[in-house]
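J.: My questions are about this predicted structure, shown below with the sequence.
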Amino acid sequence: MPNVVARIFILLLALAVSPVQSASLDFDLLAATPVGSWQEREETTVNQKGKKTVTIMRSSLLGKEQRNDKPYYWIEMAMESFKVSKKGKRKKTGDRVVIKTLVSEASLTGDPGNVLTNLRGFGEEIIMQSGKEQPMRMSGNGGLFAGVMQATGTEVNYDFSTLGTETVSTSAGEFEALRINGTGSAETKVVFRKIKVESESTAWMSDQVPFGIVKAEGTSTLNGKPSKHSSELLDFGLSGASSEISGEPRDMPNMGDIFGR
């Protein structure tokens, strides 16, 4: 279970520092991402040894609901990873992982200058499925990651700046996109291991595409180990999204309370 929680935490940390959440950067995520919309992109990482990993990630906005008189959205991320040989051949690593999480509307409209507040809104409820295994449901008692962040002493510092608009070509077509540069760091402790990520990245955002991101590139260090990363939009749609979670979820302990203690 700790490895599962760590993986979800790091994944959502990456989403939380994404510039798509910025009202101050003049990008309205929810206006570009109606319920039922989706995007699929290819993310490539090259580590300090030159080893390449490709992840195909599909993000979907599945629905909206009220809880405690506040609006929430169901966001689902499905990921499939491959190791890439020097000859360019791909070999699948692990099962396809699907994570469906209930996110407060406030988390999707906040300024990424205040990433810590955004991240606390993630994980009111999470349903996760790996391959054909029975899905797991975890609750957060007000936000799973609020408890995780408190327990791990997570600190996030990230700054963004806009550099105007550019025409960007991707596998999904050409887009007039807002170019955004970001630099910063995140520190946390997961399963008795300290993790520090420092990164510098450039993202191109278009309000024609759900979730905004059409292209991204940058460098980062994980505990001092450098890597390069890039992302490119493959396809998208403004309707038709459906959940890939199959089967009845098994309820897990209230992780927010566990981490809070």
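T.: Alright, I've got the coordinates.
J.: Would you map the helices across the stretch 1-150 of the chain?
T.: Applying DSSP state H, counting those that start in this stretch to the stretch 1-150 of the chain gives helices spanning 2-16, 29-32, 105-109, 115-120, 144-152.
J.: Just give me the lowest mean pLDDT stretch among those helices.
T.: Set side by side, these give their lowest mean pLDDT on helix 2-16, at a mean of 45.
J.: What segments of the stretch 51-200 of the chain are strands?
T.: Listed from the start of the chain, the stretch 51-200 of the chain has strands (DSSP state E, counting those that start in this stretch) covering 52-67, 70-84, 90-104, 122-130, 136-139, 155-170, 173-190, 193-205.
J.: Quick check: which of these is buried the most?
T.: Using mean count of other CB atoms under 10 Å, the stretch among the strands of the stretch 51-200 of the chain with the greatest mean number of neighbours is strand 122-130 (a mean of 23). For glycine as for every other residue, the C-beta is placed from the backbone atoms N, C-alpha and C.
J.: Give the rounded mean pLDDT of it.
T.: Taken as a whole, strand 122-130 carries a mean pLDDT of 81.
J.: repeat for stretch 69-76
T.: In this model, stretch 69-76 carries a mean pLDDT of 91.
J.: Run through who's touching it.
T.: 30, 35, 59-66, 98-106, 108, 124, 241, 243-245 (CB atoms under 8 Å, 6 or more residues apart in numbering).
J.: right, and Ala31 touches Pro210 too?
T.: No: with contact defined as CB atoms under 8 Å, Ala31 and Pro210 do not form a contacting pair (10.5 Å).
J.: Neighbour count for the two, which is higher?
T.: Comparing Ala31 with Pro210 by other CB atoms under 10 Å, the one with more neighbours is Pro210, at 24 against 8.
J.: How about the more buried one: what's its closest non-neighbour residue?
T.: Using CB to CB, 6 or more residues apart in numbering and skipping the chain neighbours, the partner closest in space to Pro210 is Ser37 (3.7 Å).
J.: which regions of the stretch 51-200 of the chain lie under the pLDDT threshold?
T.: 110-123, 140-158, 190-192 (pLDDT under 70).
J.: Tell me the backbone dihedrals of Gln134, please.
T.: With angles defined as degrees, to the nearest 10, Gln134 sits at phi -60, psi 130.
J.: Compute the distance between it and Glu244, please.
T.: Gln134 is 14 Å from Glu244, where distance means CB to CB, to the nearest Å.
J.: More neighbours: these two, which one.
T.: Between Gln134 and Glu244, counted using other CB under 10 Å, the more crowded position is Glu244 (16 against 11).
J.: sec struct for that one, please.
T.: Glu244 falls in the coil class when you classify it by DSSP: H, G, I helix; E, B strand; the rest coil.
J.: OK, contacts around the residue nearest to it when sequence neighbours are not counted?
T.: Residue nearest to Glu244 in three dimensions, not counting chain neighbours: Val98, with 4.7 Å by CB to CB, 6+ apart. Shown in contact with Val98 (CB under 8 Å, 6+ apart): 76-79, 128-130, 135, 243-245.
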